[in-house]
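Visitor: predicted coordinates and the sequence they were generated for:
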Amino acid sequence: MSFLQPLMLAALPLISLPIIIHLINQRRYQTVRWAAMMFLLAANRMSRGYARLRQLLIMLFRMVVIAGLVFAISRPLASGWLGVTAGGQAETTIVLVDRSPSMQESSAGSQTSKLEVSLGQLAATLATLGGSRLVLIDSVGGKPIEIESPQALVSSPNVAPASASADVPALLQAAYDYIQANRTGRTDIWICSDQRASDWNAPSGRWPSLRAAFAELKQGVRIHLLASSEAAVGNTSVRVTGVRRHATSDGAELLVSLHLARDEGGDGKRTIPLQFEIEGARSELEVEMSGTEYDLKDYPIPLADGKKRGWGRVSIPADINPADNDFYFVYDEPPPRHTVLVAEDAQSVQPLQLAAEITGDPSQECKTEIVTPDDLASIQWENVALLVWQAPLPQGGDAALVKFFVARGGVAMFFPPTNPDETEFCGVSWQGWETLPEGASIDTWRGDQGLLANTQSGAALPVGELHVQRVCRMKGEFTSLATLHGGAPLLVRAPTDRGAAYFCGTTAAPGDSSLATDGVVFYVAIQRALAAGLSVLGTTRDLVAGEVTLDSAAGWTRHSGAKGVSSIEYSAHAGVYGDRDLLLAVNRAAAEDETALLPNARVDELFRGLDFVRVETGVSANGSLAHEIWKLFLCTMIVAMLVEAGLCLPSQQRSATTKMAGARA
């Protein structure tokens, strides 16, 4: 049991007062043996057992009265798991709120989302517990904001639903920084989250450092996870996977591809009406969905008057989560697919040139340019989508040009040269060639993201069928996307703020690998790299909510999207926005459509060694997490007083005996 005023429990020894008073009264009388009374005492021995029991009960109920009073003024709480006042009331309470799309999910037959339930319960609990300072840190702003009262927590615009994913380690880091900067006293941290694995990023290296930092705090920090991980059935999500403007004899049309997914609880066939909106013009298509996934490929939508640039939206009927029922897109005339290949020998990069020039849309212009490092200054980098480099890594001015291209959002792929040196680029360098006598296959690769990710249907690329005869070792900081049998990295990605820099440890030459002969994986990787580079060219952009900082989006104008959203948070909400001559489509991250939860045991491990409690709250729950039950103890005290008074009254049998003795006398 927890208490809001635990210091009052120091008065519990007062329970012994009835015993002390009884012992004192016993010493007030002296026993004098008198022969005439011995006959009366012998007669009274028959009822001594009942009298002693009666006296013990009177003493017991008097002790219950005192105990009930002490417990009542200590303000006990009904939630035995809570423990929020262990060691004293918190001076500061920090609330970390997950505003991601998954928190907008509600239970069947209810209109209340997980986010609303969590905030409502937490506000009621904090109002019960009290505290001197309340601080809010939300997953969109990420900055501490002082809140006037627990009730203001529910109505704050900083806890409204958003389309941006949450970063729980970043929220905890912000809480730690606030504690350090303000030198708070005893602090409570409440985390409102649905425990989605993508938001917690448990493999991140930030968790060990966070755990160690909180453990070193002297003032004491208690962390409470208010987990809304209850599974709800009946959700379907829609995601646009591709939009292409295609010229026709009558003008132009849009070819829209999309993906539908529903939770595993959905079974049987279901007709889903898809609504397409192109700048206000709506059309509808019904599709039959029999499993948990459905893909629509290149659905044609005519464009009025051959319109070249604009925006649209795909919607499905409302269900338990409105955050994934819409997806926005923008379109424009496709920019030329311009690839620059930097090579020592033009013949050695012919497989790369071929993979870059082949496209599924014959009407799209492709341009591949083979140059040497000496020609870099003459390249129009603003029109380049992909840079393929098979030469010694760039240095000096060449390195600055390539870094500028990557920082602009371009994609660079580096293949080892004939004679690698120790030059470093983006923190990665070549270490020299190594011949694998019997060849080697690729042991592991990342199928969830990057160039080797699974196809839209979920099928894996045949990466394991590739063979490597020669590999160039790499050194530096990078993320491995594919490793050979034995652990040697084959494909890695260097850390960059924008764009991408990939390093492949072999070439497409027949003596080095089977990349060219087994060309499916090689072609797909080049095409994906090209698509990523093309996404930052032209006058349209597809952005992930939260990818652009709030300050950078200050000048945006809204074309479509959620109403009532503050302009300072446009980049965190799905919709279509304008930024000077750019047309931007903002949508939730792909990870938000994944329903995997972080297991409770893994959560406990992340907070190992800290004062941590996990509290489960369902989407159908309501009210406070902690209830004061001092009234129950007051009622117990009153009942005990009444029973004690009844026991003190003389019994009817004893009164009748007294009357008979008086009559005989």
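Guide: Arrived safely, thanks for sending.

Visitor: ranges for the strands of the stretch 101-250 of the chain?
Guide: Using DSSP state E, counting those that start in this stretch, the strands found in the stretch 101-250 of the chain span residues 133-138, 145-147, 187-193, 221-227, 236-248.

Visitor: now the element after the longest one, going C-ward?
Guide: With elements assigned by DSSP states H and E, the helix or strand that comes after strand 236-248 is strand 251-262.

Visitor: now the angle between strand 236-248 and that following strand, please.
Guide: Angle of strand 251-262 versus strand 236-248, following axes from the mean of the first three to the mean of the last three CA atoms, to 10 degrees, is 160 degrees.

Visitor: could you list the low-confidence segments of the stretch 101-250 of the chain?
Guide: 107-110, 130-131, 232 (pLDDT under 70).

Visitor: what does the stretch 301-450 of the chain give?
Guide: Applying pLDDT under 70 to the stretch 301-450 of the chain picks out residues 360-363.

Visitor: which parts of it are helices?
Guide: Applying DSSP state H, counting those that start in this stretch to the stretch 301-450 of the chain gives helices spanning 350-357, 396-407.

Visitor: what is the burial count for Leu129?
Guide: 23 (other CB atoms under 10 Å). No exception for glycine: its C-beta is placed from N, CA and C like everyone else's.

Visitor: which ones are touching Val548?
Guide: For Val548, the contacting residues are Ser571, by CB atoms under 8 Å, 6 or more residues apart in numbering.

Visitor: can you verify it is assigned to a strand?
Guide: No. Per DSSP: H, G, I helix; E, B strand; the rest coil, Val548 lies outside any strand segment and is coil.

Visitor: distance check, it against Asn587.
Guide: Per CB to CB, to the nearest Å, Val548 is found 13 Å from Asn587.

Visitor: and the longest helix for the protein?
Guide: The helix that spans the most residues within the chain, counting by DSSP state H, is helix 48-73.

Visitor: tell me the gap between that helix and the middle of its chain.
Guide: Distance, stretch centre to chain centre, for helix 48-73: 54 Å (CA atoms, centre = their mean, to the nearest Å).

Visitor: now it: buried residues?
Guide: 58-59, 61-73 (16 or more other CB atoms under 10 Å).

Visitor: same question, stretch 526-536
Guide: Ile526, Gln527, Ala529, Leu530, Ala532, Gly533, Leu534, Ser535, Val536.

Visitor: show me what contacts the fifth one?
Guide: Under the criterion of CB under 8 Å, 6+ apart, the contact list for Ala532 reads Val411, Ala500.

Visitor: any idea how far Leu451 is from it?
Guide: Going from Ala532 to Leu451 by CB to CB gives 9 Å.

Visitor: do Gly487 as well
Guide: For Gly487 relative to Leu451 (CB to CB), the value is 20 Å.

Visitor: comparing those two, which residue is more hemmed in?
Guide: Leu451 (24 against 9).

Visitor: any idea how far that one lies from Ser193?
Guide: 31 Å.

Visitor: with Ala553 instead?
Guide: Distance check for Ala553 against Ser193: by CB to CB, it reads 25 Å.
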